[in-house]
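1. quick one, what's the 3D model for this:
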Amino acid sequence: MNITDFLPVVSTGSVAVALLILARLSRRLGLVTRTPRYYRLFYLAAALLIISAIARFINEIQQVSITINDPIWVTIYLGFPAIGLTLGVIIAWRYWSWLLAERG
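-> Take a look at the predicted model:
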């Protein structure tokens, strides 16, 4: 077991933490601007990434290799992070696009 085997777990977890921070910031922004509570989807996106990170961690601990023939593990490994990141980008664009808007 090598320490570099856990880098995918750490990276997935760090993106989940970034999504949680965005959720908190977007919540505060939404309260001021009275926008709908779309920030809750950040929590869903972070949960998907955390589930994927836990599955990766369990896989590294048990030294089980995931095969492409197991659709549940492939969905957790590849699908959950893809859905979570896509959802995070869409919601971040919804809340924070005003920063990129061109003025006058």
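2. select the longest helix from the protein.
-> In the chain, with assignment by DSSP state H, the single longest helix is helix 7-33.
3. how far off centre is the next helix or strand after that one?
-> Following helix 7-33 in sequence order, the next helix or strand is helix 40-62 (DSSP states H and E). Distance, stretch centre to chain centre, for helix 40-62: 8 Å (CA atoms, centre = their mean, to the nearest Å).
4. relative to helix 7-33, how tilted is helix 40-62?
-> Put simply, helix 40-62 runs at 170 degrees to helix 7-33, going by axes from the mean of the first three to the mean of the last three CA atoms, to 10 degrees.
5. what packs against helix 40-62?
-> helix 7-33, helix 80-96 (3 or more CB pairs under 8 Å, 6 or more residues apart in numbering; DSSP states H and E). Bear in mind the C-beta positions are built from the backbone N, C-alpha and C, glycine included.
6. give the buried residues for it.
-> Burial within helix 40-62, assessed by neighbour count using 16 or more other CB atoms under 10 Å, is assigned to 41-42, 44-46, 48-53, 55-57, 59-60.
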